[in-house]
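Enquirer: sequence plus the predicted model coming up.
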Amino acid sequence: MIKVGIVGGTGYTGVELLRILAVHPEVQVSCITSRSEAGMPVADMYPNLRGHYDLAFSEPDASVLKACDLVFFATPHGVAMRMVPELMAAGVRVVDLSADFRLKDLDVWADWYGMQHETPEWNERAVYGLPEVAREVIKEAQLVANPGCYPTAVQLGFLPLLENGLVDPGRLIADAKSGASGAGRQGKIGVLHGEIGESFKAYGASGHRHLPEIRQGLTDAASGRVGVTFVPHLLPMIRGIEATLYAEIKNTADFERLQELFESRYRDEPFVDVMPYGSHPETRSVRGANQCRMALHRQEDSNIVIVSSVIDNLVKGAAGQAVQNMNIMFGMKETQGLEAPALLP
Ligand SMILES: NC(=O)C1=CN([C@@H]2O[C@H](COP(=O)(O)OP(=O)(O)OC[C@H]3O[C@@H](n4cnc5c(N)ncnc54)[C@H](OP(=O)(O)O)[C@@H]3O)[C@@H](O)[C@H]2O)C=CC1
Ligand SMILES: CC(=O)N[C@@H](CCC(=O)OP(=O)(O)O)C(=O)O
């Protein structure tokens with residue numbers, strides 16, 4: 001049994017962590033922080049958790065967090081980086097769901113996140129927590145940077161193509177759509193029901209902070225520079241991301257072997273499902289599940305390979321992947337607490 005703390009328990013990813021961990025047999029959640037709701041019983045705020053937790057939210061307190069085996073940071077950018085050093089010194093392990101430790105180039109990070117990084121030494125030691133790529137190093141990591149939701153869906157869809165050098169790495173396009181929970185619970189203007197209901201829009205089309213994260217991961221996969229165009233969109237729904245990915249294949253004869261190549265790349269991955277060629281993955285088929293489903297397409301005699309990749313932004317895109325990383329870090333069964341199928345209809 002491991003003792004776990006959650007900093008930022010009242011946010012969408014925080015309460016998703018609580019939902020998943022409520023049925024994780026190896027975990028005891030010992031503290032859940034919220035500055036604004038300190039003292040409120042967790043189940044009063046989230047009735048779906050009644051009977052699962054008799055804890056109340058508490059102010060973030062380093063002395064309490066240092067008594068944990070693992071701490072999840074489900075907080076905005078800039079919070080984890082200030083608290084991690086003290087936890088690292090105390091031997092606590094951390095999975096950070098924010099972007100504080102995802103980018104190795106801290107000048108790029110400062111440009112996109114609007115602040116100077118305060119703990120570059122820990123940024124250097126952080127492991128990017130995409131299990132399908134970094135499972136072996138995650139096992140030994142003390143600090144894991146959980147990937148962003150869009151970067152998870154986009155990277156998993158492109159990886160087999162880039163790892164095998166089958167496409168032009170300089171001309172990758174990722175067209176991604178997300179439900180509003182991706183924006184967090186702080187009720188930012190622009191994601192209220194009255195703002196997004198029965199509407200659909202692109203945003204960040206001239207540049208989004210996930211572009212450097214996606215570029216970093218795909219550069220590693222391609223073992224060389226990549227050119228990526230990434231455009232996110234906002235959908236009038238709560239959960240789910242669909243990313244339609246486009247890449248120019250170098251040799252059209254390779255189309256014949258793409259399906260088998262994707263299936264073999266992910267055959268042993270419990271949370272990646274390569275669907276039959278020509279399928280159309282639906283976000284409702286992964287809602288609430290720690291699953292990425294994808295499928296391949298080609299139009300007529302085009303030399304463009306099309307990949308559709310879906311995840312639940314709060315699960316495989318955040319809290320589920322964070323628990324997957326925790327399982328790996330503590331030598332538990334990787335699927336522990338994450339085996340429930342998606343919620344349909
Ligand atoms: N939503 C999504 O789909 C995804 C989100 N992420 C990332 O996960 C993190 C959390 O996202 P999300 O749950 O949506 O965010 P929310 O805005 O919904 O929740 C943020 C949480 O952090 C707490 N918090 C805010 N500021 C501080 C602070 N200075 N110190 C301590 N706690 C603080 C808040 O509680 P209080 O203010 O009461 O303390 C709240 O519990 C973000 O970094 C986000 O970018 C990553 C992948 C997907
Ligand atoms: C719909 C929506 O607003 N989505 C968020 C994605 C949030 C996310 O993935 O969080 P990280 O920044 O930690 O990666 C956005 O575009 O900013």
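Expert: Everything's here; your move. Ligands and ions are numbered 1, 2, ... in the order given.
Enquirer: A strand includes residue 173, no?
Expert: Yes. Under DSSP: H, G, I helix; E, B strand; the rest coil, residue 173 sits within a strand.
Enquirer: and for it, the neighbour number?
Expert: Using other CB atoms under 10 Å, residue 173 is surrounded by 16 other residues. All C-beta atoms are positioned from the backbone trio N, CA, C, and that covers glycine.
Enquirer: so which strand or helix has the closest residue to it other than its chain neighbours?
Expert: Excluding its sequence neighbours, the residue lying closest to residue 173 (CB to CB, 6 or more residues apart in numbering) is residue 246, at 4.1 Å. Element membership of residue 246 [criterion: DSSP states H and E] is strand 241-248.
Enquirer: can you list the buried residues in the next helix or strand after that strand?
Expert: Scanning forward in sequence from strand 241-248 by DSSP H and E, the next helix or strand is helix 255-266. Buried residues in helix 255-266, counted by 16 or more other CB atoms under 10 Å: 255, 258-259, 261-263, 265-266.
Enquirer: of all those residues, which comes closest to residue 44?
Expert: Nearest to residue 44 among the buried residues of helix 255-266, counting by CB to CB, is residue 266 at 41.2 Å.
Enquirer: which residues does the closest one contact?
Expert: Residues counted as contacts of residue 266 (CB atoms under 8 Å, 6 or more residues apart in numbering) are 132, 160, 272-274.
Enquirer: turn those into JSON lines, columns for neighbour count.
Expert: Shown next, in JSON lines, are these (neighbours: other CB atoms under 10 Å):
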{"residue": "132", "neighbour count": "19"}
{"residue": "160", "neighbour count": "22"}
{"residue": "272", "neighbour count": "22"}
{"residue": "273", "neighbour count": "19"}
{"residue": "274", "neighbour count": "24"}
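Enquirer: in strands, which of those residues fall?
Expert: Secondary structure defined by DSSP state E assigns 272-274 of the contacts of residue 266 to strands.
Enquirer: burial count for residue 103?
Expert: Neighbours of residue 103 (other CB under 10 Å): 24.
Enquirer: mind checking how far it is from residue 123?
Expert: Distance of residue 103 to residue 123, computed by CB to CB, to the nearest Å: 8 Å.
Enquirer: partner residues bridging residue 243?
Expert: Beta-bridge pairing of residue 243 under DSSP bridges involves residue 176, residue 309.
Enquirer: which one of the buried residues of helix 255-266 is nearest to residue 339?
Expert: Nearest to residue 339, judged by CB to CB, of the buried residues of helix 255-266 is residue 266 at 17.3 Å.
Enquirer: give me the pLDDT for the closest one.
Expert: Per-residue confidence (pLDDT) for residue 266: 98.
Enquirer: with residue 130 instead?
Expert: On pLDDT, residue 130 comes in at 98.
Enquirer: same question for residue 275.
Expert: Listed pLDDT for residue 275 reads 98.
Enquirer: near ligand 1, anything from stretch 315-327?
Expert: Yes. Judged by CB under 6 Å from any ligand atom, stretch 315-327 comes into contact with ligand 1 at 317-318.
Enquirer: farthest-apart pair in the buried residues of helix 255-266, please.
Expert: Most distant of these, by CB to CB, are 255 and 266, 18.4 Å apart.
Enquirer: with adjacent residues omitted, what lies nearest to residue 345?
Expert: With CB to CB, 6+ apart as the criterion, residue 345 has its nearest non-adjacent residue at 7.2 Å, and that residue is residue 284.
Enquirer: how close does that neighbour get to residue 179?
Expert: Counting by CB to CB, the gap from residue 284 to residue 179 is 11 Å.
Enquirer: how about residue 35?
Expert: For residue 35, the distance to residue 179 (CB to CB) stands at 26 Å.
Enquirer: for residue 195, report the pLDDT, please.
Expert: Model confidence at residue 195, given as pLDDT, is 87.
Enquirer: could you say which helix or strand holds it?
Expert: Assigned by DSSP H and E, residue 195 belongs to helix 193-196.
Enquirer: what's near enough to touch the closest residue in space to residue 288 that isn't next to it in sequence?
Expert: In this structure, residue 288 finds its nearest non-sequential neighbour in residue 343, 4.3 Å apart by CB to CB, 6+ apart. The contact partners of residue 343, by CB under 8 Å, 6+ apart, come to 287-289.
Enquirer: residue 50: neighbouring residues, count only.
Expert: 12.
Enquirer: wait, it touches residue 41, no?
Expert: No. If you go by CB atoms under 8 Å, residue 50 and residue 41 don't touch, sitting 9.2 Å apart.
Enquirer: report the two of the contacts of residue 266 separated the most.
Expert: Greatest spacing in these, by CB to CB: 160 and 273 (13.7 Å).
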